[in-house]
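Engineer: no FASTA, just this:
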């Protein structure tokens, strides 16, 4: 088994030649493009996907390799997951050769070999550079080609940085250097993920509202912080992909996701000092300024500002970069129970909302939209332990927000009255 650690970028088509020229300036070994044909397999009931497994055969220069990738962890395009690779003599599956440990029940399911069939394929040319960064050996792969699933197809224009040996931090360091030039957009969707989507019918992509964050019952405050930042980053990356595909209102969702990053840093600011995220917040400001200006989606999405900001957030998460800024008291606080932390802050945010909207505001409701949005985001991040009750409570405040945005004056007062009259649903609220 190998532990695959790689960082993925989408490359703007017009920037491919400039990127290739830049990669040639790096000291290391260069390998001419090789055509890679990959066939991905699945059962009619999606057994592999349901078990977070991906099966493929790759062919190149008359040689074949069978690969199984199993569940791992993805943070902002940085993929960390186990994979099993087996050389085979011809492009035919030999599932019995995989070790028993990869199967959910510890043994190859009896009928699986007969059930798996080709689902989609990727056909691309891979050009590689092997470079040394710090103490690490890193493979840089430029992939150009297409994904095909039945009648559907999508282009492949990607850059992947894969850690061959060494430290994942060196992958991030190399990535920082590469994104200083325009033309790269950090992407969390693998070729396989895109292929599965095409194979499922290529339905139109839709916006995803931020949902209530769920964390493990006994999660620490630090684990809550990580989960909140990961949620914000996933929303950012998802809606950037939709913005690139020209989905209506995707840009607004990207800006909302950046706002969610800011809200998260503020929410945990009583423990994690501002200096721990000062550089990231500066990058977020630059990115927001670019996105709200009159530039095209391509200019914004493939800009160094946007790429550097997402990479900085990814690095903060992967390295837990806040830890070096914590004193002994903060270290103790961040190790405490997240639910207790959430209960305390739920009361504070609810009190702020009720105070702000205690009385009709006439023509001043629009001035309070940023405060309302910030508090709704905070409640979404804090309410996971009470998801069933929290959803109804939040719906009234979300209704108020929508009514203000759409200037529905009668609805504004309806939702304001309903929202402020609600009883708290969390513990330690002073009402229980």
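Structural biologist: Thanks, I have it. This is a predicted model, so every value here is computed, not measured. Numbering: from 1, shown residues only.

Engineer: any idea which helix or strand carries residue 5?
Structural biologist: strand 2-11 (DSSP states H and E).

Engineer: figure out how far the following helix or strand past that strand is from the centre of its chain.
Structural biologist: Later in the chain than strand 2-11, the nearest helix or strand by DSSP H and E is helix 16-24. Per Cα atoms, centre = their mean, to the nearest Å, the displacement of helix 16-24 from the mean C-alpha position of its chain is 27 Å.

Engineer: ok and the strand holding residue 5 relative to helix 16-24, angle-wise?
Structural biologist: 130 degrees (axes from the mean of the first three to the mean of the last three Cα atoms, to 10 degrees).

Engineer: flag every buried residue along strand 2-11.
Structural biologist: 4-11 (16 or more other Cβ atoms under 10 Å). From N, CA and C alone the C-beta is placed, and that goes for glycine too.

Engineer: which helices and strands sit right next to it?
Structural biologist: Judged by 3 or more Cβ pairs under 8 Å, 6 or more residues apart in numbering; DSSP states H and E, the packing partners of strand 2-11 are strand 78-88, strand 152-165, helix 168-178, strand 184-186.

Engineer: any chance of a markdown table for those, columns distance to residue 382, mean pLDDT and mean neighbour count?
Structural biologist: Formatted as a markdown table, the helices and strands packed on strand 2-11 follow (distance: least, Cβ to Cβ, whole Å; pLDDT from 0 to 100; neighbours: other Cβ atoms under 10 Å):
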| stretch | distance to residue 382 | mean pLDDT | mean neighbour count |
| --- | --- | --- | --- |
| strand 78-88 | 26 | 82 | 16 |
| strand 152-165 | 35 | 95 | 17 |
| helix 168-178 | 30 | 94 | 18 |
| strand 184-186 | 28 | 94 | 26 |
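
Engineer: of those, which is nearest residue 334?
Structural biologist: Nearest of those to residue 334, taken as Cβ to Cβ: helix 168-178 at 21.4 Å.

Engineer: looking at pLDDT only, which of the buried residues of strand 2-11 scores worst?
Structural biologist: Among the buried residues of strand 2-11, residue 4 carries the lowest pLDDT, at 66.

Engineer: quick revisit: the helices and strands packed on strand 2-11 into a markdown table, with extra columns for distance to residue 17?
Structural biologist: Shown next, in a markdown table, are the helices and strands packed on strand 2-11 (distance: least, Cβ to Cβ, whole Å):
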| stretch | distance to residue 17 |
| --- | --- |
| strand 78-88 | 27 |
| strand 152-165 | 12 |
| helix 168-178 | 15 |
| strand 184-186 | 14 |
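
Engineer: closest to residue 26 out of the ones you listed?
Structural biologist: Of these, nearest to residue 26 by Cβ to Cβ is helix 168-178, at 8.7 Å.

Engineer: name the single longest strand found in the chain.
Structural biologist: strand 117-133 (DSSP state E).

Engineer: so what's residue 87 up against?
Structural biologist: By Cβ atoms under 8 Å, 6 or more residues apart in numbering, residue 87 lies in contact with 63-66.

Engineer: can you pick the most crowded of those?
Structural biologist: Within those, most neighbours by other Cβ atoms under 10 Å means residue 66, with 21 neighbours.

Engineer: that one falls within a helix, correct?
Structural biologist: No: under the criterion used here (DSSP: H, G, I helix; E, B strand; the rest coil), residue 66 is strand, not part of a helix.

Engineer: partner strands of the strand holding residue 5, parallel or antiparallel?
Structural biologist: Sheet pairing of strand 2-11 (DSSP bridges) gives strand 78-88 (antiparallel), strand 152-165 (antiparallel), strand 184-186 (antiparallel).

Engineer: residues of the helix or strand hosting residue 380 that come out buried?
Structural biologist: Element membership for residue 380 (DSSP H and E) is helix 369-382. For helix 369-382, burial by neighbour count (16+ other Cβ under 10 Å) applies to 372-382.

Engineer: packing partners of the lengthiest helix in the chain?
Structural biologist: In the chain, assigned by DSSP state H, the helix with the most residues is helix 221-244. On a contact count with 3+ Cβ pairs under 8 Å, 6+ apart, helix 221-244 meets strand 184-186, helix 250-267, helix 297-301, helix 304-319, helix 328-334, helix 338-356, helix 369-382.

Engineer: what mean pLDDT does that helix have?
Structural biologist: 96.

Engineer: just the buried residues of that helix, please?
Structural biologist: Buried-residue list, helix 221-244, by 16+ other Cβ under 10 Å: 221-222, 224-244.

Engineer: cool, stretch 37-55 as well?
Structural biologist: In stretch 37-55, counting by 16+ other Cβ under 10 Å, buried: 38-43, 47-49, 53-55.
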